[in-house]
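> Predicted coordinates and the sequence they were generated for:
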Amino acid sequence: MTEIGFIKCFLEDNIGYARAKFADRASLTVTSKANASDLLTEVDLTLQKRAVDQIRATFPGDEIVAEEGEFSRMPASPNARCWVMDPIDGTNNFVRGMFPVFAISLAFAIHGRTVAAGMAYPGTGDIYLAEEGKGAFVNETRLLVSQVQQVAESRVDLDFGGVEDRNAWMERAQSLFRQSGQVRCHGSAVAAIGQVASGDLDAFVHMTLNPWDYAAGMLVVEEAGGVCSRLDGKTLKLFDGKDGVLITNGAIHKEIIRLIRR
Ligand code: 2AM
Ligand code: CA
């Protein structure tokens, strides 16, 4: 089985489970991790365990990095074949019922670069897929970023992040906040990044992100014609630490870098 075939099957098999659990969220088992806003549900754990078991059976020896438990770390060999998963991104929205904006993200990387990626949105039923050099698709439709050319006319998701991100946010994102045409915060990086790929958003900014939050999204956006970097414009890699991420339609990328303070 190809890696993209595996990703597609996994997301198709599990999107209904996540949707059903969201519909019945009053009965979810929920615990908090670092703080009361950092939630963990049985669904995060079940989806991650299913993926880990299936990856180990199908691609033995591949590394796995994922948001929960022992997998929440950088890979031992950053250049090796590596799967990167966020079982539920936007867990807080998932638990509290916001919109519903949450997603399952699964990527396959080699040499620290994503080469196959998928993101499933149980709220809408959409599955986004991309392979390096082969384009990005939602269901069967080609994804293309927007043509918006100026920040003043753009719709930007300025993710507020966790409490520990807010000082950096206030210092660095103020000018962008003031000058963007429309500002949103979905509370799910994977949801917002998908919206950049589809052209519904023009940019996404986060002060700190872990690789599982953008591993799939960065390839989907690049294959849809967009650009991904660190907040200062440096190359966005997967395993070089938790840092800020800027994902845009490409046309407004440089203008946003100039507006984000160092
Ligand atoms: P999560 O839902 O998987 O926890 C919300 O601000 C977005 O940023 C979500 O994608 C969320 O992922 C992620 N996020 C929230 N708090 C974060 C933190 N302290 N560090 C990194 N990412 C965070
Ligand atoms: Ca996440």
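Looks like it arrived, so ask away. Since the model is a prediction, treat every value here as computed from it, not as a measurement. Ligands and ions are numbered 1, 2, ... in the order given.
> In this protein, which residue sits nearest ligand 1?
Gly162 (2.8 Å; C-beta to the nearest ligand atom). Heads up, the C-betas are built off the backbone N, CA and C, glycines and all.
> Helix or strand: which one has the most centrally placed residue in the chain?
Centroid-nearest residue in the chain: Val190, 2.9 Å away (criterion: C-alpha atoms, centre = their mean). Assessed by DSSP states H and E, Val190 sits inside helix 189-198.
> Now look at that helix and say if it contacts ligand 2.
No. Helix 189-198 lies out of reach of ligand 2 by C-beta under 5 Å from the ion, never closer than 6.1 Å.
> before we move on, back to that, my guess is the residue nearest to the centre of the chain contacts Gly90. True?
Yes. Assessed by C-beta atoms under 8 Å, Val190 is found in contact with Gly90 at 6.9 Å.
> re the thing from before, can you list contacts of the helix holding Val190?
Contacts to helix 189-198, defined as C-beta atoms under 8 Å, 6 or more residues apart in numbering, come from residues 86, 89-90, 101-105, 119, 121, 126, 128, 136, 138, 143, 145, 157, 159, 184, 186, 201-204, 206, 209, 213-214, 216-218, 220-221, 223-224, 226, 245, 247-249.
> List the ones among those residues that fall in strands.
86, 89, 103-105, 119, 121, 126, 128, 136, 138, 157, 184, 203-204, 206, 209, 245, 247-248 (DSSP state E).
> filter those residues down to the ones close to ligand 1.
Counting by C-beta under 6 Å from any ligand atom, 86, 89, 209 from the ones in strands among the contacts of helix 189-198 sit close to ligand 1.
> between those, which is closest to Phe22?
Asp89 (13.3 Å; C-beta to C-beta).
> what about the closest one, distance to Val245?
Using C-beta to C-beta, to the nearest Å, Asp89 is found at 13 Å from Val245.
> More neighbours: which of these two?
The residue with more neighbours, out of Asp89 and Val245, is Asp89; 28 against 24, by other C-beta atoms under 10 Å.
> Now for Ile252: which residues touch it?
148-151, 154, 202-203.
> Narrow those to just the buried residues.
148, 151, 154, 202-203 (16 or more other C-beta atoms under 10 Å).
> In stretch 40-48, which residues are buried?
40-41, 43-48.
> mean confidence for it?
Mean pLDDT, stretch 40-48: 96.
> Report whether that stretch contacts ligand 1.
No. Stretch 40-48 lies out of reach of ligand 1 by C-beta under 6 Å from any ligand atom, never closer than 8.1 Å.
> Overlap in contacts, Val190 and Gly90.
102-103.
> what does the chain put close to ligand 1?
Near ligand 1, when you scan the chain using C-beta under 6 Å from any ligand atom, you find 67, 86, 89-92, 159, 161-162, 164, 187-189, 208-210, 213.
> Nice, that's everything, thank you.
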